[in-house]
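Enquirer: Fold the following and give me the result.
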Amino acid sequence: MIDTRLRRWLRPLFGRRRGVRRTPELFRPRGTSSRVSRLADRYDADVDAALQRLWPKARIYHDREFTRDRADFLLVVRGRGVMVETKVKSDPGVFRGSTLPPLLDRLQRDGRRLVVVLNQGDPTPARELIASRLGDKGCVVVWSGPEHDAELRGAVEGLLQQMVRHR
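Expert: Prediction:
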């Protein structure tokens with residue numbers, strides 16, 4: 001079947017309209033078939049299973065809408081919440097955290113805690129970025145499976161204990 005909509009044929013020839021700004025959601029919407037999107041979906045499910053395994057009585061709230069200024073999960077343990085953001089790298093290089101500033105700005109205003117869970121790579125630049133924006137209210141953990149559950153548990157419990165200590 002041939003697409004008869006003239007607009008679809010002419011837009012690549014003449015470009016898009018000026019003044020229309022594309023939002024990040026339009027660049028790569030969720031559910032695409034790119035390799036990184038498939039990895040991210042699978043990684044989110046694995047992290048969700050790990051959080052349920054580590055804190056079976058906790059409530060886990062998922063953000064189903066893809067936005068750069070909200071974390072993927074809200075983990076509520078013993079009445080205290082920690083935001084959990086998952087990040088997937090397809091290569092084992094350095095993770096700089098270039099997609100984190102909108103989220104960090106929002107959490108800085110709200111005063112919430114954040115754990116960034118990264119699948120692989122060197123998170124040193126991202127740790128420095130989070131420390132400069134959130135101070136001791138945020139951290140980065142490299143987690144790639146159940147063998148790294150202790151690091152994830154330690155990071156989240158450290159932030160939860162910190163919430164009690166600062167009162």
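Enquirer: so where's the longest helix in the protein?
Expert: Assignment by DSSP state H gives helix 35-54 as the longest helix of the chain.
Enquirer: May I see the buried residues of it?
Expert: Using 16 or more other Cβ atoms under 10 Å as the test for burial, helix 35-54 gives 40, 43-44, 46-48, 50-51, 54. In this view, the C-beta of every residue, glycine as well, is placed from N, C-alpha and C.
Enquirer: Farthest-apart pair in those, please.
Expert: Largest separation among the buried residues of helix 35-54 by Cβ to Cβ: Ala40 and Leu54, giving 20.7 Å.
Enquirer: re earlier: how about the buried residues of helix 35-54 in a markdown table, adding distance to Glu151 and pLDDT?
Expert: Shown next, in a markdown table, are these (distance: Cβ to Cβ, whole Å; pLDDT from 0 to 100):
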| residue | distance to Glu151 | pLDDT |
| --- | --- | --- |
| Ala40 | 20 | 84 |
| Tyr43 | 16 | 89 |
| Asp44 | 18 | 90 |
| Asp46 | 15 | 93 |
| Val47 | 13 | 93 |
| Asp48 | 17 | 93 |
| Ala50 | 11 | 94 |
| Leu51 | 13 | 94 |
| Leu54 | 11 | 95 |
